[in-house]
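K.L.:
Okay, predicted coordinates and the sequence, questions at the end:
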Amino acid sequence: MEELYREHWRLVYGYLLRRTRDTHLAEDLAQATFVKATQALLGWRGESAAGWLLSVARSVLVDHARRRRTTLPLPAAEELGVDDSLPDSVAVRDVLSRLPEPYRQVLTWVYLDGFSLVEVAAMTGRTSGSIKTALWRARAAFAETYGADG
């Protein structure tokens with residue numbers, strides 16, 4: 001476990017820092033990630049250690065958010081400079097559900113879960129270049145499917 005910690009601390013901490021934008025909270029959550037990973041080590045099936053640890057980190061982050069139950073009011077679309085005609089999440093989820101599994105997975109990891117291309121590459125054991133290509137193809141398939149809906 002000590003070797004996993006040394007090799008993957010920066011990856012786990014970086015992911016949590018991007019998601020929380022709070023250095024102290026990210027450090028606490030990264031530490032909790034390694035504690036939880038130590039407890040779950042017997043459940044690890046030997047897949048990519050980086051991918052497994054990022055999955056544990058995501059779980060720790062979700063647990064933290066659920067415990068806090070903090071909700072912030074959303075600003076109006078005009079305040080954000082957002083076009084009201086953007087698709088709603090139901091339409092996006094519908095289009096995602098009709099895409100092939102590899103496309104759906106890469107789009108979900110990058111755009112919904114917030115993983116970087118490097119993190120997705122670590123999770124899948126592929127190169128970041130191949131993930132970039134897969135993401136490009138997945139976006140094209142999404143746009144084609146979304147456009148076909150009219």
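P.N.:
Done, it's in.
K.L.:
switch to C-alpha atoms for all contacts and neighbour counts from now on
P.N.:
Noted.
K.L.:
and Ser116, how many neighbours does it have?
P.N.:
By other C-alpha atoms under 10 Å, the residues close to Ser116 number 17.
K.L.:
give the contact list for it.
P.N.:
Val110 (C-alpha atoms under 8 Å, 6 or more residues apart in numbering).
K.L.:
distance of the spatially most central residue of the chain from Val120?
P.N.:
When C-alpha atoms, centre = their mean is applied to the chain, the residue found nearest the centroid is Asp113 (2.6 Å). Taking C-alpha to C-alpha, to the nearest Å as the criterion, Asp113 is separated from Val120 by 10 Å.
K.L.:
Quick check: which ranges of the protein have low pLDDT?
P.N.:
42-46, 69-89, 148-150 (pLDDT under 70).
K.L.:
What are the boundaries of the helices in it?
P.N.:
2-20, 23-39, 49-68, 77-80, 89-97, 101-107, 117-124, 128-148 (DSSP state H).
K.L.:
could you redo these as CSV and give each row mean neighbour count?
P.N.:
Below are the helices of the chain laid out as CSV (neighbours: other C-alpha atoms under 10 Å):
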stretch, mean neighbour count
helix 2-20, 16
helix 23-39, 18
helix 49-68, 17
helix 77-80, 9
helix 89-97, 13
helix 101-107, 18
helix 117-124, 19
helix 128-148, 15
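K.L.:
Can you pull the phi/psi pair for the residue nearest to the centre of the chain?
P.N.:
phi -90, psi -20 (degrees, to the nearest 10).
K.L.:
what residues are up against it?
P.N.:
Counted by C-alpha under 8 Å, 6+ apart, Asp113 has zero contacts.
K.L.:
redo that, cut-off 10 Å
P.N.:
Contact analysis of Asp113 by C-alpha atoms under 10 Å, 6 or more residues apart in numbering lists Arg19, Arg58, Val106, Leu107.
K.L.:
The second one contacts Val12, correct?
P.N.:
Yes. Arg58 is in contact with Val12 according to C-alpha atoms under 10 Å; the separation is 9.3 Å.
K.L.:
what residues do the two have in common as contacts?
P.N.:
With C-alpha under 10 Å, 6+ apart, Arg58 and Val12 have common neighbours Leu29, Thr33.
K.L.:
Break the chain down into its domains, please.
P.N.:
1-71, 85-150 (automatic domain parsing).
K.L.:
circling back to that earlier point, which two among the contacts of Asp113 are spaced furthest apart?
P.N.:
Arg19 and Val106 (17.8 Å; C-alpha to C-alpha).
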